[in-house]
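Asker: Quick one: sequence plus predicted model below, questions after.
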Amino acid sequence: MKVQALLTLSRRLHEASNLVDVMDHVVTAITAETRYQRAWLTLPIVGSGGVEVIGYALPERTRVDQRMASLDIAKDPWIQFLLSTTEPIVVDDLRELALADQEQVAYFGNRTLIAVPMLRLAERVGAFCVGTFAEEGVLPPKAEELEFVVQVGTLVSVVAGRLRAEGAQRVLEEQVRSAQRLESLGRMAGEIAHDFNNMLVSIVGNTDLVKEMLAGHPAQELILEIEQAATRATGLTRQLLAFSRGQPFERREVHLGAVVDGFLPILRSLVPANVALEISNAAELGAVDGDPGQIEQVLMNLVVNARDALPNGGTIRVATEAIRIDAASLESHATMPLGDYVVLSVADTGVGIPGDIVGRLFEPFFTTKAAGAGTGLGLAVVDSIVRRHDGFVNAHSVEAQGTTFTVYFPVSVRPLEDTAARPSIPEALHEGHEHVLLVDDDEQVRSLLVRVLSGAGYRVSVAEDGQAALELLESLHDVDLVLTDLVMPRLGGRALRDILRERPGAPAVLVMSGYAPGAEERGTFEHVISKPFAPADLLRKLRELLGPSA
């Protein structure tokens with residue numbers, strides 16, 4: 001046996017960084033040590049019925065790639081056998097093999113074939129092949145040639161296994177890095193939005209006060225413009241927080257059409273000028289038992305996905321409708337329980353998705369986008385959220401025509417909450433006389449809230465953080481309510497609340513949170529108001545906690 005040739009090839013293969021380089025070295029060795037000129041790897045394409053060919057099978061690579069990629073292994077008994085056997089195969093002339101697809105043999109011009117199984121532990125990876133084509137004629141291997149080919153096949157199997165393991169490790173490491181980058185981006189976005197919400201408290205509050213002062217003044221129109229801009233900024237920061245932070249699931253009755261309409265300004269900001277955004281909301285839709293913030297995230301992810309499928313412009317259609325799945329419709333909705341559903345669909349006129357990968361769209365980290373253009377998490381998040389709502393999501397796509405994602409939310413069977421029955425506090429009764437301890441480290445926020453509370457009749461004391469508040473409470477024994485920010489130096493609002501809760505007769509605590517409603521800290525406080533808020537909202541909340549003003 002050609003030991004020196006195998007040793008030289010082994011060293012070169014272990015220096016190779018990919019399978020193409022491996023086969024370059026292999027073909028050189030096969031050509032030098034045997035009468036054969038062509039060698040290739042036959043590897044099943046993961047997630048597809050096709051086969052990938054790496055190496056030198058035919059001079060015209062395009063013919064090989066196109067034909068083999070479109071091959072359906074399940075319908076080709078010869079390829080199935082080739083990829084399942086654990087022993088080397090020698091076929092003198094494939095034209096005489098009944099098991100082989102003779103149309104395929106004629107297309108490629110196959111003649112002699114030597115196939116060595118590529119095994120990695122108990123896993124069958126593919127086949128290492130050597131053979132002849134067309135004018136090369138039939139060339140059965142000599143004993144020493146067959147032995148050399150089998151030994152080369154063994155080397156290739158070992159190296160291919162190593163390369164695949166290293167590739168899988170790199171993919172895993174990149175997935176972890178992507179997840180860490182996404183988590184870091186989410187934290188950064190959350191902190192930016194939190195700080196911006198603190199600024200918006202001052203902007204919204206002072207705008208509201210000035211609007212009242214300038215009632216009837218020509219400048220009030222300009223104040224209204226500022227107020228509208230602040231409202232849009234408020235919505236944007238809350239959507240940013242809801243999108244970037246992992247929020248707990250907070251169920252309530254949700255009207256899908258209202259969610260779409262309310263989220264429309266954000267959606268329009270996501271699409272470029274050359275993309276038309278069409279909205280169609282059905283008039284009669286049942287209520288969904290769900291989390292509006294997470295449903296907005298589903299909508300955002302689907303619209304972003306549709307936008308990215310329209311590099312040259314086009315149309316995105318967002319629609320809602322009500323459907324009933326009954327026995328007659330089971331054929332098209334076989335996996336869904338019978339009942340009433342509210343359906344959200346997002347369709348685009350974009351490039352479409354190949355049929356062989358549609359089934360993988362909701363896999364975490366799977367993406368059809370170029371490297372660096374997507375995390376592969378967007379649709380996985382959509383699927384996760386929809387499942388938490390006991391719903392279903394389907395994808396249908398036609399290449400060069402577009403893609404439609406259809407989300408089914410079951411209609412809520414709980415009675416709608418009767419908000420009209422809630423007692424309301426008239427604006428005239430928002431004033432008070434109680435003593436409020438205001439705790440906030442932001443000077444602008446403190447200045448505004450002192451003005452608002454004092455103007456409404458409250459007595460106000462001020463502390464810059466939780467520690468200062470505790471020290472002040474040692475000398476103040478008539479505080480009726482502590483109004484505190486959540487995040488502060490030295491001692492935050494959570495710790496301050498916990499300490500006061502252990503003290504008999506301690507005042508009530510109202511926490512001001514710069515995070516989105518429904519975020520983690522909301523569920524740990526009995527009383528909370530989300531920043532930014534209008535002065536009237538704060539005064540109303542105070543009276544709810546303190547009771548009617550005497």
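Answerer: Thanks, I have the structure now. In this text the structure is predicted, and so the values were computed from the model without any measurement. Residues are numbered from 1 along each chain as shown.
Asker: Which residue comes closest to L472 once chain neighbours are left out?
Answerer: With sequence-adjacent residues excluded and distances taken as C-beta to C-beta, 6 or more residues apart in numbering, L472 is closest to A463, at 5.2 Å. Every residue, glycine included, has its C-beta placed from N, CA and C.
Asker: how many neighbours does that neighbour have?
Answerer: Counted with other C-beta atoms under 10 Å, the neighbours of A463 add up to 24.
Asker: Surely it touches V436?
Answerer: No: contact between A463 and V436 fails when scored by C-beta atoms under 8 Å: they sit 11.3 Å apart.
Asker: Report the distance from the longest helix along the chain to the chain centre.
Answerer: The longest helix of the chain (DSSP state H) is helix 143-213. In terms of C-alpha atoms, centre = their mean, to the nearest Å, the centre of helix 143-213 is found 11 Å from the chain centre.
Asker: quick one: average confidence on it?
Answerer: Mean pLDDT, helix 143-213: 78.
Asker: name the helices or strands packed onto that helix?
Answerer: Applying 3 or more C-beta pairs under 8 Å, 6 or more residues apart in numbering; DSSP states H and E, one finds that helix 143-213 contacts helix 3-15, helix 19-33, strand 38-44, strand 110-120, strand 123-133, helix 220-244, helix 443-455, helix 535-546.
Asker: Which neighbouring elements make contact with the fifth one?
Answerer: The reference is to strand 123-133. strand 38-44, strand 110-120, helix 143-213.
Asker: Put together JSON lines for the ones you listed, with mean neighbour count on each row.
Answerer: Converted to JSON lines, these look like this (neighbours: other C-beta atoms under 10 Å):
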{"stretch": "strand 38-44", "mean neighbour count": "21"}
{"stretch": "strand 110-120", "mean neighbour count": "21"}
{"stretch": "helix 143-213", "mean neighbour count": "16"}
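Asker: can you put the ones you listed in TSV and add distance to D340?
Answerer: Formatted as TSV, these follow (distance: least, C-beta to C-beta, whole Å):
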stretch	distance to D340
strand 38-44	43
strand 110-120	51
helix 143-213	35
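Asker: and P532, which of those is closest to it?
Answerer: With C-beta to C-beta, the closest approach to P532 among the helices and strands packed on strand 123-133 belongs to helix 143-213: 3.7 Å.
Asker: If I take the closest one and helix 3-15, what angle do their directions form?
Answerer: Taking axes from the mean of the first three to the mean of the last three C-alpha atoms, to 10 degrees, one finds helix 143-213 and helix 3-15 inclined to each other by 0 degrees.
Asker: Okay, helices next: where are they in the stretch 201-350 of the chain?
Answerer: Secondary structure of the stretch 201-350 of the chain (DSSP state H, counting those that start in this stretch): helices at 220-244, 256-270, 292-308.
Asker: Test for you: state the pLDDT assigned to the nearest residue to L302 once chain neighbours are set aside.
Answerer: Counting by C-beta to C-beta, 6+ apart, V346 is the residue found nearest to L302 once chain neighbours are left out, at 4.0 Å. For V346, the pLDDT comes out at 96.
Asker: go on, the one 10 residues further on?
Answerer: Per-residue pLDDT puts D356 at 67.
Asker: For the helix or strand containing H396, output the C-alpha coordinates as PDB.
Answerer: Per DSSP states H and E: H396 is located in strand 392-398. Output of strand 392-398 as PDB, limited to C-alpha atoms (Å, rounded to 0.1, in the frame of the first residue of the first chain):
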ATOM      1  CA  PHE A 392     -51.000  29.600  16.200                       C
ATOM      2  CA  VAL A 393     -48.900  31.100  13.500                       C
ATOM      3  CA  ASN A 394     -48.500  29.900   9.900                       C
ATOM      4  CA  ALA A 395     -46.300  31.100   7.000                       C
ATOM      5  CA  HIS A 396     -47.100  30.800   3.300                       C
ATOM      6  CA  SER A 397     -44.700  32.000   0.700                       C
ATOM      7  CA  VAL A 398     -44.200  31.900  -3.100                       C
END
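Asker: Show me what it pairs with in its sheet, parallel or antiparallel.
Answerer: Strand 392-398 has its sheet partners listed here by DSSP bridges as strand 402-410 (antiparallel).
Asker: what does the strand it pairs with rub up against?
Answerer: By C-beta atoms under 8 Å, 6 or more residues apart in numbering, the residues outside strand 402-410 that reach it are 256, 288-290, 295, 298, 302, 305-306, 309, 314, 323, 336-337, 339-350, 352-353, 382, 386, 389-397.
Asker: if I look at the residue nearest to L302, how far off is L361?
Answerer: Distance, V346 to L361, using C-beta to C-beta, to the nearest Å: 13 Å.
Asker: Same question for T31.
Answerer: 44 Å.
Asker: Between those two, which has more neighbouring residues?
Answerer: Under the neighbour definition other C-beta under 10 Å, T31 and L361 were set side by side, and L361 has more, 22 against 14.
Asker: List the contacts of the more buried one.
Answerer: Taking C-beta under 8 Å, 6+ apart, one finds 353, 379, 395 in contact with L361.
Asker: hmm, 7 Å instead?
Answerer: By C-beta atoms under 7 Å, 6 or more residues apart in numbering, L361 lies in contact with 379, 395.
Asker: Let's see the pLDDT reported for it.
Answerer: 74.
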